[in-house]
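Colleague: Using only what follows, build the 3D model:
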Amino acid sequence: MPCRDQPSIFRRHVAWVRRCDRNAATCVAWCGDHADCMGRLSVDAVHRALQNVLALAPSSSR
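Modeller: Reported below is the predicted structural model:
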């Protein structure tokens with residue numbers, strides 16, 4: 001998502017982080033009680049993404 005571009009987490013800049021911390025006042029696609037982009041994520045999609053990341057991890061870190 002092009003608007004998910006905030007490279008910070010826990011008030012620290014992290015170069016590889018791309019997240020959204022917007023709210024109803026600042027989000028361009030707020031839908032009820034959440035950002036529309038977050039509502040489109042499914043548990044299955046997150047599960048597959050985590051499996052892909054873990055498959056790429058060196059075996060010593062698992």
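Colleague: Give me the nearest residue to the residue nearest to the spatial centre of the chain, chain neighbours excluded.
Modeller: By CA atoms, centre = their mean, the chain has its centre lying nearest to residue 19, at 4.8 Å. Closest residue in space to residue 19, ignoring its immediate chain neighbours: residue 6 at 5.6 Å, by CB to CB, 6 or more residues apart in numbering. Bear in mind the C-beta positions are built from the backbone N, C-alpha and C, glycine included.
Colleague: what about stretch 55-62, average pLDDT?
Modeller: For stretch 55-62, the mean pLDDT works out to 74.
Colleague: actually stretch 23-39, not the one I typed
Modeller: Mean predicted confidence for stretch 23-39 is 90.
Colleague: What residues sit buried inside that stretch?
Modeller: 27, 35, 37 (16 or more other CB atoms under 10 Å).
Colleague: Quick check: the second one touching residue 21?
Modeller: By that I understand residue 35. No - using CB atoms under 8 Å, residue 35 makes no contact with residue 21, being 9.8 Å away.
Colleague: Identify the residues contacting residue 15.
Modeller: For residue 15, the contacting residues are residue 7, by CB atoms under 8 Å, 6 or more residues apart in numbering.
Colleague: circling back to that earlier point, could you pull up the contacting residues of the residue nearest to residue 19?
Modeller: Residue 6 neighbours (CB under 8 Å, 6+ apart): 17, 18, 19, 20, 21.
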